[in-house]
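Peer 1: The following comprises the amino acid sequence and a computationally predicted model.
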Amino acid sequence: MAARPDVNLAGIHEKDPLRMSNQYSIIIHWRQQGHTFSHKVSEGDYILKSFERKGALLPFNCRNGCCTTCAIRVINGNIDHKEAFGLSREVRSKGYGLLCVASAQGSLEVETQDEDEVYETQFGRFFGCGKLKTGLPIDEG
Ligand code: FES
């Protein structure tokens, strides 16, 4: 894993002179690739989309807050959960968020999840717990 930048994100923001909105420092550690991206995102802009416009192509799939492919774990700051339908309250409380539907509300530092980490955390306990049936449903009778 690449070395993390030595930064203190608390309270770092500035005005975007063209949009007259606040901008916040967002740092994303893509653990599996060993890359760290940082960028200032205008208040209210979707974080994933803003990074993509700057050329940082991060993991995604649905872009609607449902599949959890873009899930991250928060290291510093708070993430916006208003549209994160794919995350349970329990998983949110463990510090996970979804970059595709999170808008910049303040400075933030996050790291990418392991593949399917969030999906397994939410749904893994339900797999393999039921009684296994073989054959076709039409065979039941
Ligand atoms: S890309 Fe599917 S939840 Fe973000």
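Peer 2: Received it, and whenever you're ready, just let me know what you need.
Peer 1: Could you use CA atoms for every contact and neighbour count after this?
Peer 2: Will do.
Peer 1: Kindly list the longest strand within the chain.
Peer 2: strand 21-30 (DSSP state E).
Peer 1: and that strand, what does it pack onto?
Peer 2: Other elements packing on strand 21-30 under the criterion 3 or more CA pairs under 8 Å, 6 or more residues apart in numbering; DSSP states H and E are strand 13-16, strand 35-42, strand 108-112.
Peer 1: what angle sits between that strand and strand 35-42?
Peer 2: For strand 21-30 against strand 35-42, the angle by axes from the mean of the first three to the mean of the last three CA atoms, to 10 degrees is 170 degrees.
Peer 1: In its sheet, which strands sit next to strand 21-30, and in what direction?
Peer 2: strand 13-16 (antiparallel), strand 35-42 (antiparallel), strand 108-112 (parallel) (DSSP bridges).
Peer 1: from these, which stretch is densest packed?
Peer 2: Most buried of those, by mean neighbour count (mean count of other CA atoms under 10 Å): strand 108-112, with a mean of 22.
Peer 1: centre of the chain versus that one, how much separation?
Peer 2: 8 Å (CA atoms, centre = their mean, to the nearest Å).
Peer 1: What residues of the helix or strand just after that strand count as buried?
Peer 2: Per DSSP states H and E, strand 108-112 leads on to helix 117-123 as the next helix or strand towards the C-terminus. By neighbour count on 16 or more other CA atoms under 10 Å, the buried set for helix 117-123 is 118-119, 122.
Peer 1: Figure out which of the strands paired with strand 21-30 is closest to the ligand.
Peer 2: Closest approach to the ligand among those (CA to the nearest ligand atom): strand 108-112, 11.8 Å.
Peer 1: does the ligand sit close to the closest one?
Peer 2: No. Counting by CA under 6 Å from any ligand atom, the ligand is not contacted by strand 108-112; separation bottoms out at 11.8 Å.
Peer 1: Can you pull out the residues in contact with that strand?
Peer 2: 9, 24-32, 70-79 (CA atoms under 8 Å, 6 or more residues apart in numbering).
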